[in-house]
Structures are given as structure tokens and as C-alpha cells.
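Enquirer: fold the following and give me the result.
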Amino acid sequence: MGFPGTWMTESESVVYRVVPKCACSTIGQIMFYSDHGRFFDGDIHDAKDGLHKWSLDVSQPVISANVKTHSSYAFTCVRNPYTRILSSFFDKICGIQRNGKRYRGNLVPLLIQKYGIEVGGPDGKAEFDQIKSFRRFLLFARDTIRWKRPMEPDIHWSAMSGHISTFIVNGGKYDKIFWTEAFNDGMQQVLDRIEVAHPVDLAKIPRFNESEGHGPKRAHPVEDYFDDLSMHLVYEIYHRDFDLFKYDFENPGNKMPIGEIDLDEVHAKLGD
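Expert: Sure, this is the predicted structure:
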């Protein structure tokens with residue numbers, strides 16, 4: 001299986017396991033800048049050179065050799081499951097993607113038909129009941145993850161622990177897992193442990209939020225989207241994420257972690 005979703009700087013200064021919807025665009029651009037002294041012109045997910053990626057055939061043996069010998073500092077980044085699934089809904093389901101089309105072609109029509117979801121009209125800009133539609137999307141997300149119906153789960157709403165575990169199961173070891181909610185602190189700790197060709201000043205780095213502006217703005221506080229049933233569904237899907245990455249399941253309005261991540265626990269529980 002190898003190391004899907006893994007990026008590494010060309011200099012091999014650092015290895016990163018991508019977790020969708022967890023600041024991956026910004027992290028990728030920081031890695032690119034640290035090698036080249038400039039940002040990639042465009043969405044870093046489209047870069048075919050300047051950064052090793054498992055999705056590029058030429059990069060696979062280089063990444064594999066590095067990760068299996070733990071030659072470089074390896075890290076990843078996580079996010080509160082409540083805000084992550086909300087972000088996926090507004091970006092991927094309600095939003096028009098950067099190619100000018102709906103995400104995954106027939107996905108949104110399927111959701112409208114089978115789950116009664118509204119998405120704000122053809123351009124995502126019309127008023128609609130965001131809370132009702134989001135809760136119906138949550139049922140769909142649970143169905144894809146629990147039963148792989150009506151489709152396989154999508155990387156943007158499958159559990160973070162699932163993404164993170166593939167790296168461990170196939171022989172990788174993390175040196176750091178930090179929270180999107182404390183991004184500068186966590187990213188600085190990574191940068192302090194590696195040697196870079198071009199120093200990175202995090203205070204001056206723009207946030208590369210490639211999903212910004214794709215969909216409608218969230219109209220309500222996070223906690224308004226989650227009633228008792230929604231919280232139950234979220235826990236069913238993401239219980240390991242709450243447990244391992246120390247997020248507050250009881251209070252959807254608290255996006256901040258409530259404990260420290262124990263790397264030994266993560267490796268033990270996700271390495272099976």
C-alpha cells in the first residue's frame with residue numbers, strides 16, 4: 001500500500017502526511033517555500049514538481065525509503081471534527097469547485113434526490129436552510145463511512161485517524177501531530193526541528209485556504225448545526241478522532257482541544 005497522502009520536501013528536510021481539511025494547502029506551501037524561497041503559483045495540490053508526493057510515481061521510492069528508515073522529521077496536523085465536517089459540507093457540497101463545476105459531478109444531484117439536501121441553487125448563492133441540509137448531509141456521510149453506500153467515503157469527510165493510520169501501519173512514525181486551532185505554535189515546533197534552505201516567518205505567511213469562497217458562508221455558530229442526533233452521528237463517525245486528538249465531543253461550540261496528544265497512544269491504537 002505504501003504511503004498514500006504523504007508529501008516530502010525535495011531536500012528531504014521534512015515528511016508530512018496530508019489530512020484533508022486540516023490546513024494542508026498552507027502546510028504544503030510552507031514546505032515548498034522552505035526549499036525554494038517562493039510559493040508555488042497556484043493550488044499546491046496541483047504541483048507536479050518542487051515537492052515529493054506519493055501520487056507522483058517518481059516520488060514513491062524516495063518517500064518510501066525515507067519513511068521506512070525514519071530519515072526525516074515526520075508530522076501531520078488535525079482539526080476539530082465538528083468544524084471539519086462543517087467545512088467539508090460548505091466547500092464540497094454547497095460550493096462550486098475551482099474547475100467551475102460541482103464536486104464529483106453527480107454527487108450533489110444524488111444528495112438532492114436521495115437525502116433532500118439543498119445547496120443554495122446552481123451557484124450556491126441562494127438562501128437555504130443550512131442547518132436542515134447539513135444534518136441530512138451528516139446522515140449521508142455516516143452512510144458512506146458505515147456501509148459504503150450510496151458510495152465510498154470521501155477523503156474530505158472520512159475520519160482523520162483513518163488517514164493518519166496508513167502512515168503508521170505501513171512503517172512510518174510521527175514526530176509531531178499538532179492542531180489546526182493552534183497552527184502557528186505547532187508549525188513553529190516543526191520548523192524548529194528541521195533545517196531549511198529558506199527560513200519561514202510564520203507571522204508573514206499567508207493562509208492558503210483553497211476552499212475559501214467556494215461555497216456559501218456559514219450563517220450560524222457551529223453548535224447550532226448539531227442537535228443531539230447530529231452529535232450522536234458525529235461521534236459514531238469520529239469517536240477515535242475525539243479520543244486520540246483530544247477534542248471536546250460534549251461541546252460542539254468549543255473548537256479547542258482539551259488535552260495533550262499522546263504520540264505513543266496514537267501509534268499504539270492506529271498501528272494495528
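
Enquirer: now the nearest residue to Pro81 once chain neighbours are set aside: how far from Gly105?
Expert: The spatially closest residue to Pro81, leaving aside those adjacent along the chain, is Tyr238, at 4.0 Å (C-beta to C-beta, 6 or more residues apart in numbering). Every residue, glycine included, has its C-beta placed from N, CA and C. Noted for Tyr238: a distance of 27 Å to Gly105, by C-beta to C-beta, to the nearest Å.

Enquirer: more neighbours: which of those two?
Expert: Neighbour count, other C-beta atoms under 10 Å: between Tyr238 and Gly105, Tyr238 has more, with 25 against 9.

Enquirer: is it true that that one touches Ser158?
Expert: No: Tyr238 is beyond contact range of Ser158, at 9.7 Å (criterion: C-beta atoms under 8 Å).

Enquirer: burial count for the nearest residue to Phe128 once chain neighbours are set aside?
Expert: In space, and not counting its chain neighbours, Phe128 is closest to Glu118: 4.0 Å by C-beta to C-beta, 6+ apart. For Glu118, the neighbour count with other C-beta under 10 Å is 16.

Enquirer: Glu118: which element?
Expert: Applying DSSP states H and E as the criterion places Glu118 outside every helix and strand.

Enquirer: contacting residues for it?
Expert: Contacts for Glu118 (C-beta atoms under 8 Å, 6 or more residues apart in numbering) come out as 112, 128-129, 132-133.

Enquirer: before we move on, which element is the closest residue in space to Arg135 that isn't next to it in sequence in?
Expert: Using C-beta to C-beta, 6+ apart and skipping residues adjacent in sequence, the residue nearest Arg135 is Ser230, 5.4 Å away. Here Ser230 sits within helix 228-245, counting by DSSP H and E.

Enquirer: gap between that helix and the chain center?
Expert: Put simply, helix 228-245 sits 16 Å off its chain's centre (C-alpha atoms, centre = their mean, to the nearest Å).

Enquirer: report the mean confidence score over whatever helix or strand comes next after that helix.
Expert: Downstream of helix 228-245, the first helix or strand assigned by DSSP H and E is helix 263-270. Average pLDDT, helix 263-270: 98.

Enquirer: now the angle from helix 263-270 to helix 228-245?
Expert: Going by axes from the mean of the first three to the mean of the last three C-alpha atoms, to 10 degrees, helix 263-270 is angled at 120 degrees with respect to helix 228-245.

Enquirer: with just CA atoms, put helix 263-270 into CSV.
Expert: C-alpha atoms of helix 263-270 as CSV (Å, rounded to 0.1, in the frame of the first residue of the first chain):
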residue,chain,number,x,y,z
LEU,A,263,2.0,10.2,20.3
ASP,A,264,2.7,6.8,21.9
GLU,A,265,-1.1,6.3,22.3
VAL,A,266,-1.7,7.3,18.7
HIS,A,267,1.0,4.9,17.4
ALA,A,268,-0.3,2.0,19.6
LYS,A,269,-4.0,2.5,18.7
LEU,A,270,-3.6,3.3,15.0
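
Enquirer: which strands and helices sit next to that helix?
Expert: Here helix 263-270 touches helix 160-169, strand 176-179, helix 228-245, going by 3 or more C-beta pairs under 8 Å, 6 or more residues apart in numbering; DSSP states H and E.

Enquirer: report the buried residues of that helix.
Expert: The neighbour-count check on helix 263-270 (16 or more other C-beta atoms under 10 Å) flags 266, 270 as buried.

Enquirer: and the contacts of that helix?
Expert: Here helix 263-270 makes contact (C-beta under 8 Å, 6+ apart) with 161, 164-165, 168-169, 173-177, 240, 244.
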